[in-house]
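**Q** Pasting a predicted model and its sequence here:
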Amino acid sequence: MMGGNLGDSARIFEEAASGLAAGGVENLRVSGIFRSAAVDCVPGTPDFCDRALTGEWAGGAGELFQLCQRLEREAGRPAVHSSRESRTLDLDLILFGDRRIDQPGLIVPHPRARLRRFVLEPLAEIAPDWIFPDCGKSVRECLNFLTASN
């Protein structure tokens, strides 16, 4: 998942996708760019742009996470940052196949993904039938639940 609200998000997202491909992610698929209000951020934070990506990765989740962090820094995001502030690029691992991962700094499935429209809408565009292994529900089912709840 890509997000950002500083700079030219479309360009930054394209550069990050190229960096993922150069780093070994194959068969990349990307959603359109969705715009959403900032969630759980400091007051006055500008809207975010969000995009989902899927691909195939031969390595482990930790290695992919390190690649994502490097690409964030290359896009101008400080290595130490608050999740509640504006940023040029945020790369999150939402799902890693059907695996559950709980390592320091990395929890997959992402703990709040099923509850966030800004994650589910772009992901539903390219992978609506993917299953969250922690609840057994598909991306589409989670989005439909959110839609019905609001």
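**A** Alright, I've got the coordinates. Numbering: from 1, shown residues only.
**Q** Run through the residues that contact the residue lying closest to Asp92 once chain neighbours are set aside.
**A** With sequence-adjacent residues excluded and distances taken as C-beta to C-beta, 6 or more residues apart in numbering, Asp92 is closest to Met1, at 4.5 Å. C-beta here means a position set from N, CA and C on the backbone, and glycine is covered the same way. Residues counted as contacts of Met1 (C-beta atoms under 8 Å, 6 or more residues apart in numbering) are 50-53, 90-94, 110, 113, 119, 122-123.
**Q** and Asp102, what are its bridge partners?
**A** Under DSSP bridges, the beta-bridge partners of Asp102 are Ile107.
**Q** Which strands and helices lie in contact with the helix or strand encompassing Arg70?
**A** In the assignment (DSSP states H and E), Arg70 maps to helix 61-74. Judged by 3 or more C-beta pairs under 8 Å, 6 or more residues apart in numbering; DSSP states H and E, helix 61-74 is in contact with helix 9-22, strand 90-91, strand 101-103, strand 106-108.
**Q** would JSON lines of these with mean neighbour count be doable?
**A** Below are these laid out as JSON lines (neighbours: other C-beta atoms under 10 Å):
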{"stretch": "helix 9-22", "mean neighbour count": "17"}
{"stretch": "strand 90-91", "mean neighbour count": "21"}
{"stretch": "strand 101-103", "mean neighbour count": "11"}
{"stretch": "strand 106-108", "mean neighbour count": "18"}
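**Q** Tell me which of these lies nearest to Val42.
**A** Val42 sits nearest to strand 90-91 of all the helices and strands packed on helix 61-74, at 14.9 Å, using C-beta to C-beta.
**Q** Could you give me the buried positions within stretch 120-134?
**A** 120-127, 130-132 (16 or more other C-beta atoms under 10 Å).
**Q** Of those, which belong to helices?
**A** Within the buried residues of stretch 120-134, residues falling in helices by DSSP state H are 120-126.
**Q** a markdown table for the residues you listed, including pLDDT?
**A** Below are these laid out as a markdown table (pLDDT from 0 to 100):
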| residue | pLDDT |
| --- | --- |
| Leu120 | 97 |
| Glu121 | 97 |
| Pro122 | 98 |
| Leu123 | 98 |
| Ala124 | 98 |
| Glu125 | 97 |
| Ile126 | 98 |
